[in-house]
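Chemist: model the structure of this input:
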Amino acid sequence: MAALLGMPALSGDETIHTLRALARYRQAAREVLESVDLLASPTIPVVAPAVGTETVDIDGEEVTVINALLANPIPYNAARLPAVSVPCGFARSGVPVGLGSHVHWDRRLDGLLAQALMSIQAVKGVEVGDGFEVAGLPGSEAHDPITWDAAEGAYRRTSTRAGGIEGGMSTGELLVCRASMKPLATLNRPVLGTVDVETKEATVSFKERTDVTAVPAMGVVAETMVALVLAGEALRKFGGDSLPEVLRNAAAFDASLRDG
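Modeler: Residues are numbered from 1 along each chain as shown. Purely as a prediction, here's the structure:
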């Protein structure tokens, strides 16, 4: 691990001293966090790096992936407490214009995405863009202003309140979807009321082994579900018998938009 993190190796005496200090730290951490179910701390403001990526850009500084991802959970992992670091950022690229349909109810892109995300176990809410927030805003504040980008020869939105989808179709902007996930049903503290199925008497749930959170795993599943929906709509719009043909059709469509 020392070599992996670029740190000097420890001597035998230093190792023993470190292990003793670590034992005291773990005991102190257990006492402090004994009554805590979940502790949230700041995360890294980047999208999840692709496999094989060595560095990520954080506020203009190139940081190694291992240092960026391990910066927050290391103190908790050292105390033998389960911890994860969840990347939380946005990409700048959008999706092709015109995916989905403004005519067919069952082909609306926002409807397809909502169905795909809601199909994930434990997901209880889905919004596209600022969905629930814009419901309480006046029309003058709830929509995305449109501008003309002369350099790209394209119309742009200056915000993502609609999540990159208008009228059931993609606008070419960043696609933004959010899903909320209910907490795990298994509890470390038996406080949830229930009923004994044999005696029918009221009781509380029993203590059992539980994960801290399933959100990171759900994030991976959610990205995959969104990708499947987008891939299906892209094939519907630019379809062909091979990937080169699909790419050719997509490029031709994009060129027609710029020429028009």
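Chemist: all strands of the chain, in order?
Modeler: Listed in chain order, the strands of the chain (DSSP state E) span residues 55-58, 61-64, 123-128, 146-149, 154-157, 165-166, 169-170, 177-181, 193-195, 202-204.
Chemist: what's the closest of the ones you listed to P96?
Modeler: strand 169-170 (6.6 Å; CB to CB). C-beta here means a position set from N, CA and C on the backbone, and glycine is covered the same way.
Chemist: give me the distance between the most centrally placed residue in the chain and A179.
Modeler: Against the mean C-alpha coordinate of the chain, by CA atoms, centre = their mean, the closest residue is G219 at 4.5 Å. To A179, G219 is 9 Å away according to CB to CB, to the nearest Å.
Chemist: ok, now M169?
Modeler: Computed as CB to CB, the M169 to A179 distance reads 21 Å.
Chemist: what do you get for K207?
Modeler: From K207 over to A179 (counting by CB to CB), the distance is 29 Å.
Chemist: comparing those two, which residue is more hemmed in?
Modeler: Remark: of K207 and A179, A179 carries more neighbours, 23 against 12, as counted by other CB atoms under 10 Å.
Chemist: was I right to think the more buried one contacts G125?
Modeler: Yes. A179 lies in contact with G125 (CB atoms under 8 Å); the separation is 6.9 Å.
Chemist: got any ranges where the stretch 101-250 of the chain has weak pLDDT?
Modeler: Within the stretch 101-250 of the chain, the ranges that satisfy pLDDT under 70 run 210.
Chemist: where do the helices sit along it?
Modeler: In the stretch 101-250 of the chain, the helices defined using DSSP state H, counting those that start in this stretch lie at 109-118, 131-134, 139-142, 215-238, 243-259.
Chemist: quick one: which of these is nearest L22?
Modeler: helix 215-238 (25.5 Å).
Chemist: tell me which of the strands of the chain lies nearest to A231.
Modeler: With CB to CB as the criterion, A231 lies closest to strand 169-170 of the strands of the chain, at 13.1 Å.
Chemist: can you list the residues that contact that closest one?
Modeler: Here strand 169-170 makes contact (CB atoms under 8 Å, 6 or more residues apart in numbering) with 94-102, 108-109, 164.
Chemist: isn't L81 right up against E34?
Modeler: No. Taking contacts as CB under 8 Å, L81 lies outside contact range of E34: 11.2 Å.
Chemist: quick one: C177 and E233, what's the gap?
Modeler: Taking CB to CB, one finds C177 at 14 Å from E233.
Chemist: got the domain ranges for the protein?
Modeler: If you go by automatic domain parsing, the domain ranges for the chain are 12-78, 105-259.
Chemist: can you add distance to S85 and give those domains back as JSON lines?
Modeler: JSON lines is the format used below for those (distance: least, CB to CB, whole Å):
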{"stretch": "domain 12-78", "distance to S85": "5"}
{"stretch": "domain 105-259", "distance to S85": "9"}
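Chemist: now, of these, which is deepest in the fold?
Modeler: Ranked by mean neighbour count, these are led by domain 105-259 with a mean of 14 (mean count of other CB atoms under 10 Å).
Chemist: one step back: in ChimeraX, select just the buried ones from the contacts of strand 169-170.
Modeler: Buried residues within these, by 16 or more other CB atoms under 10 Å, are selected in ChimeraX with:
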select :94,95,96,97,98,99,100,101,108,109,164
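Chemist: let me know the closest of the contacts of strand 169-170 to G153.
Modeler: V97 (12.7 Å).
Chemist: wait, doesn't the closest one sit right on G172?
Modeler: Yes. Counting by CB under 8 Å, G172 is a contact partner of V97 at 4.0 Å.
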